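K.L.:
Sequence and predicted model, in that order:
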Amino acid sequence: MSARELGVAEHAVVKTLVMEDEAKAPLIVLMHGDRTVSTKNLARQIGRKSVQACRPDVAQRHTGYQVGGTSPFGTRKAMPVCVEKSVLELPKIYINGGRRGYLVGMNPKALLELLNPTPVEVGLAQ
C-alpha cells in the first residue's frame, strides 16, 4: 500500500472511486483509504435511486485513467464529485496524480476550489 511506503496514515490517503447511478451516469467519490462507501447512503444523500461501482473498463472510459491510477483531476468526462466530509478536515491528504503509485500531497481545501465537490457522509470502516 502507498500509505505504508510513504509513512503516512491510510486515513490520509484518498481513493478516487468511479461509480454510476441507476441511469449509468458516472460520478466520482473521494474516500479515505481505510474506509468503504455505503452506496445506499450515498444514493440517498445525492438524490439517486441507487449507486454502484463502475466496472473497471467503464471507469477507464469515463476518466481516461487506468484503474489503480485514477485521479479526480483532468478526467476525460466532466463528472460530479462527492467527497467524504471528514477528508476536508485533515491537515494534508495524498491523492492519486494520474498513474499507479503516484500520489500527490495537498491541502484538502484545494479540492473545494478545483473540483467543487459535494460533501457527503457515507464512509464505513473496513
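P.N.:
Right, received. Where do you want to start?

K.L.:
Sheet partners, orientation included, of the longest strand along the chain?
P.N.:
In the chain, taking DSSP state E as the definition, the longest strand is strand 13-21. Strand 13-21 sits in its sheet next to strand 26-32 (antiparallel), strand 51-53 (antiparallel), strand 93-96 (parallel), going by DSSP bridges.

K.L.:
Identify each buried residue in the longest one, please.
P.N.:
Across strand 26-32, burial judged by 16 or more other Cβ atoms under 10 Å covers 26-32. For every residue, glycine as well, the C-beta is placed using N, CA and C.

K.L.:
From the rest of the structure, what touches it?
P.N.:
If you take Cβ atoms under 8 Å, 6 or more residues apart in numbering as the criterion, strand 26-32 is touched by 10-21, 37, 42, 46, 51, 54, 58-59, 62-63, 72, 75, 77, 79-84, 86-87, 95, 111, 117, 120, 122-123.

K.L.:
Now do the end-to-end distance for stretch 18-25.
P.N.:
One end of stretch 18-25 sits 10 Å from the other (Cα to Cα, to the nearest Å).

K.L.:
How much space separates the residue most central in space within the chain from Lys49?
P.N.:
Among the residues of the chain, the one closest to the centroid is Leu30, at 2.3 Å (Cα atoms, centre = their mean). Distance, Leu30 to Lys49, by Cβ to Cβ, to the nearest Å: 22 Å.

K.L.:
Next, the buried residues of stretch 70-84.
P.N.:
Within stretch 70-84, the residues that count as buried by 16+ other Cβ under 10 Å are 70-72, 75, 79, 81-84.
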